[in-house]
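> pasting a predicted model and its sequence here:
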Amino acid sequence: MSIPFDPSPLTACGLQALIRQLPDRVVIKDSNSTFIACNQRFADDLGLAVDAVTGKTDFDFFPPQLAARYQADDQRIIRNGESITVQEPGAFAGNPGWLETSKSPIFDANGHCIGLTVIIRDISQRLRDIDEMRRQSWAVQANSRTNQALVQARDEGELLQAVCEAIVADQRYQLALICGISDVQQKQLQVLACAGSARRYAEQLQVSWDESEPIGQGPIGHCIRQGGTISLGELQQHPQFQPWQEAVRQFGLEAIVAIPLVAGPDLIGALAVYAGEAQSFGPVEVQVFEELTRNVQFGIQSRRTQVAYQQSLQEQASQAQVLEKALENALAAIASVLEQRDPYTAGHQKHVAELAVLIGREMGLSAERLRGLYLSGVVHDLGKIEVPAEILSKPSRLHPVEFALVKRHPDVAYNILKNIDFPWPIADIIRQHHEFMDGSGYPLGLSGDAILLEARILTVADIVESMSSDRPYRAALGIEQAIAQIRLMRGVQLDPEAVDACIRVLEQGAFTPHLLSLEYQR
């Protein structure tokens, strides 16, 4: 976002106040990359007073190689007049983490670039939250694919192969294999099923659970003898993997998790999953594979005995619901971070989600689409996490600069969520929830059917909930005014079917406005 130059004292004071409020590190440089201003947070990281920073350059504070890169970026911005954003490892106050640096040009009244703003944000927690959501989402997908294999496989061999293919379907892992007993007396195993880019490794694999043999010393043999999960990293150097080290180097394998397979009293063999990174199998992954192994065991035992088969499927469905609930909880936890910063809108996202589901159900959406719509609503304002709390709860009209920050929230949320493999297009729904049917919305200016139906429903729900609930700058306007407003916008900015469905829901009394508690009304 480029910033036009405005010499008025009021604007200058306003910008200074805004910079002081921002939780990020903020710097202003001139066209020569000299620091002309910064906020206290940036100065604190350098262990200096603000005045001691002004007049200096990157070379006064950072290693020469870094300083040269920073200034090269500055000159590119000044030359081209374009903003850049970079995410990279770094540290705040000596604490290692991940930083997001955004640089934007500053133009004078004649359109000439006279400097730039630099905003440095600690995104370590955000990335940890995203990674956790990605893990939870992957767990839901892996469990779903395995359940599908359990239902569709016609025999045990097809089941084992389908399970291996389900594990490597998203290329997160290089190899999944299932070993079975080939010789009980000699304690020999053979590969019954395998899938993945390194399946040729499995085709030549020799493995045993005889501890007196070198090929029985690996994780697969160990997990069978121990009767529990074994995970191992750095396979290419690990002494337990000596018989297979040449092969794992050839296929780039660095980690394994091995879990015994048992059906009732019978030992079947073991499930083994291989990855290309040494730290691939943390507690979440191990838990998912143990659960998946239990599912496979249930499936095998059901096929072998033809007893309680339907019961096992119900258990798989229940486990899928638990994983999906974990995903919902992860989203809700992130949403609560925003709501804790702004008590006036606490619960707003949940109320919008609930109203959106009522509208969607009235329009005949499937239960699966309603689930995605609800989860989108629960975090539809996630992007406001980057907006200062003082702006969110401001009791008066926002300054244009402040409103520009607020309008970025759909794109901010999209960038946070876009790489997470949800079963629904949650990132796109959230990004589009301020778009209008006539193309007058933001941030993309989409129109008509280019806007997802769930986003159109969310837009109506957001307007109604906002108008019928209390806000820091006004009391609730009421359901009747909300209905009048969406009728006015029907067929122009708002989807007519969504508006009609919403009005039916409201007239049935199925939605309760969100009123501030007495605690906040005082």
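Sure, I can see it.
> residue contacts, the residue nearest to residue 199 when sequence neighbours are not counted?
Among residues not flanking residue 199 along the chain, residue 175 sits closest, at 6.3 Å (C-beta to C-beta, 6 or more residues apart in numbering). Heads up, the C-betas are built off the backbone N, CA and C, glycines and all. Shown in contact with residue 175 (C-beta atoms under 8 Å, 6 or more residues apart in numbering): 168, 194-199, 201-202, 251, 253, 272-274.
> how about residue 175, phi and psi?
phi -160, psi 140 (degrees, to the nearest 10).
> same check on residue 120?
phi -110, psi 120.
> per-residue pLDDT, residue 421?
Predicted confidence (pLDDT) for residue 421: 78.
> and the nearest residue to it once chain neighbours are set aside, what element?
Distances taken as C-beta to C-beta, 6+ apart put residue 137 closest to residue 421, at 5.3 Å, once the chain neighbours are dropped. Per DSSP states H and E, residue 137 falls inside helix 124-152.
> give the buried residues for whatever helix or strand comes next after that helix.
Beyond helix 124-152 on the C-terminal side, the first helix or strand identified by DSSP H and E is helix 156-167. For helix 156-167, the neighbour count (16 or more other C-beta atoms under 10 Å) marks 156, 159, 160, 161, 162, 163, 164, 165, 166, 167 as buried.
> next up, the contacts around the third one.
Taking C-beta under 8 Å, 6+ apart as the criterion, residue 160 is in contact with 178, 192, 193, 296.
> next step: those residues restricted to helices.
The helices, defined by DSSP state H, take in residue 296 from the contacts of residue 160.
> of the contacts of residue 160, which pair is most distant in space?
Based on C-beta to C-beta, the longest span within the contacts of residue 160 runs between 192 and 296 and measures 11.5 Å.
> which of those two has more residues huddled nearby?
residue 296 (23 against 19; other C-beta atoms under 10 Å).
> can you give me the strands for the stretch 251-400 of the chain?
Assigned by DSSP state E, counting those that start in this stretch, the stretch 251-400 of the chain shows strands spanning 255-263, 266-275.
> sheet-wise, list the partners of the shortest one with their directions.
Meaning strand 255-263. Looking at strand 255-263 with DSSP bridges, its partner strands are strand 230-233 (antiparallel), strand 266-275 (antiparallel).
> what is the mean pLDDT for the longest strand along the chain?
Identified as the longest strand of the chain according to DSSP state E is strand 95-107. What strand 95-107 shows for mean pLDDT is 86.
> before we move on, what about stretch 297-314?
Stretch 297-314 carries an average pLDDT of 65.
> kindly report the same for stretch 175-190.
87.
> same check, this time on stretch 135-146
So the average pLDDT for stretch 135-146 ends up being 76.
> contact partners of it?
The contact list for stretch 135-146, computed with C-beta under 8 Å, 6+ apart, reads 163, 166-167, 169-170, 172, 284-285, 288, 291-292, 295-296, 316, 319-320, 323-324, 326-327, 330, 420-423.
> could you pick out the buried ones from those residues?
Using 16+ other C-beta under 10 Å, the buried ones in those are 163, 166-167, 172, 285, 288, 291-292, 295-296, 316, 319-320, 323-324, 326-327, 330, 420, 422.
> low-scoring stretches of this protein, by residue?
Residue ranges of the chain with pLDDT under 70: 1-21, 91-94, 303-313, 316-317, 319-320, 322-323, 337-346, 470-476, 513-522.
> quick check: domain ranges of it?
3-122, 128-320, 343-521 (automatic domain parsing).
> mind putting those into a markdown table with distance to residue 336?
A markdown table is the format used below for the domains of the chain (distance: least, C-beta to C-beta, whole Å):
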| stretch | distance to residue 336 |
| --- | --- |
| domain 3-122 | 18 |
| domain 128-320 | 11 |
| domain 343-521 | 9 |
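> closest one to residue 334 among the ones you listed?
Between these, domain 128-320 lies closest to residue 334; by C-beta to C-beta that is 5.4 Å.
> any idea how far that closest one is from the chain center?
27 Å (C-alpha atoms, centre = their mean, to the nearest Å).
> closest to residue 335 out of the domains of the chain?
domain 343-521 (4.9 Å).
> off-centre distance for the closest one?
For domain 343-521, the distance to the chain centre is 20 Å (C-alpha atoms, centre = their mean).
> surely residue 190 is in contact with residue 179?
Yes: the pair residue 190 / residue 179 is scored as a contact, 6.6 Å apart, by C-beta atoms under 8 Å.
> more neighbours, these two?
Between residue 190 and residue 179, counting by other C-beta under 10 Å, residue 179 is the more crowded of the two (28 against 13).
> specify the beta-bridge partners of that one.
residue 191, residue 270.
> how near is it to residue 24?
52 Å (C-beta to C-beta, to the nearest Å).
> next one: phi and psi at the nearest residue to residue 39 once chain neighbours are set aside?
Nearest non-adjacent residue to residue 39, counting by C-beta to C-beta, 6+ apart: residue 26, 4.6 Å away. When read as degrees, to the nearest 10, the backbone of residue 26 gives phi -120, psi 130.
> for residue 26, list the residues it contacts.
19, 38, 39, 41, 42, 117, 118, 119, 120.
> how much space between the third one and residue 46?
Translated: residue 39. Counting by C-beta to C-beta, the gap from residue 39 to residue 46 is 12 Å.
> more neighbours: which of the two?
residue 39 (22 against 17).
> pick the one among the contacts of residue 160 closest to residue 428.
residue 296 (34.3 Å).
> residue 261 is in contact with the closest one, correct?
Yes: between residue 296 and residue 261 there is a contact at 6.6 Å, judged by C-beta under 8 Å.
> can you list phi and psi of the residue lying farthest from the centre of the chain for me?
Each residue of the chain has a distance to the centre, and by C-alpha atoms, centre = their mean the biggest one is for residue 185: 49.6 Å. As for residue 185, its main-chain torsions (degrees, to the nearest 10) stand at phi -60, psi -40.
> that one and residue 208, how far apart?
12 Å.
> what do you get for residue 163?
When residue 163 is compared with residue 208 (using C-beta to C-beta), they lie 23 Å apart.
> next: residue 422.
42 Å.
> do the same with residue 511
From residue 511 across to residue 208, the span is 64 Å (C-beta to C-beta).
> hang on, isn't residue 230 packed against residue 270?
No: Residue 230 lies out of contact with residue 270 (C-beta under 8 Å); the separation is 9.3 Å.
> contacts only, for residue 382.
334, 335, 338, 409, 412, 413, 416, 417, 430.
> number of nearby residues for the second one?
By the criterion of other C-beta under 10 Å, residue 335 has 23 neighbours.
> spatially nearest residue to it, not counting backbone neighbours?
residue 379 (4.9 Å).
> next, count neighbours for that neighbour.
With other C-beta under 10 Å as criterion, residue 379 counts 24.
> how about residue 506?
Residues near residue 506, counting by other C-beta under 10 Å: 21.
> list the buried residues in the helix holding residue 137.
For helix 124-152, by 16+ other C-beta under 10 Å, it's 124, 126, 129-130, 132-147, 149-150.
> that older thread, ok, the residue farthest from the centre of the chain to residue 367 distance?
Residue 185 is 53 Å from residue 367, by C-beta to C-beta.
> cool, residue 148 as well?
18 Å.
> any idea how far residue 510 is from the closest residue to residue 479 other than its chain neighbours?
Excluding the flanking residues, the one nearest residue 479 by C-beta to C-beta, 6+ apart is residue 468, at 5.1 Å. As for residue 468, its distance to residue 510 is 13 Å (criterion: C-beta to C-beta).
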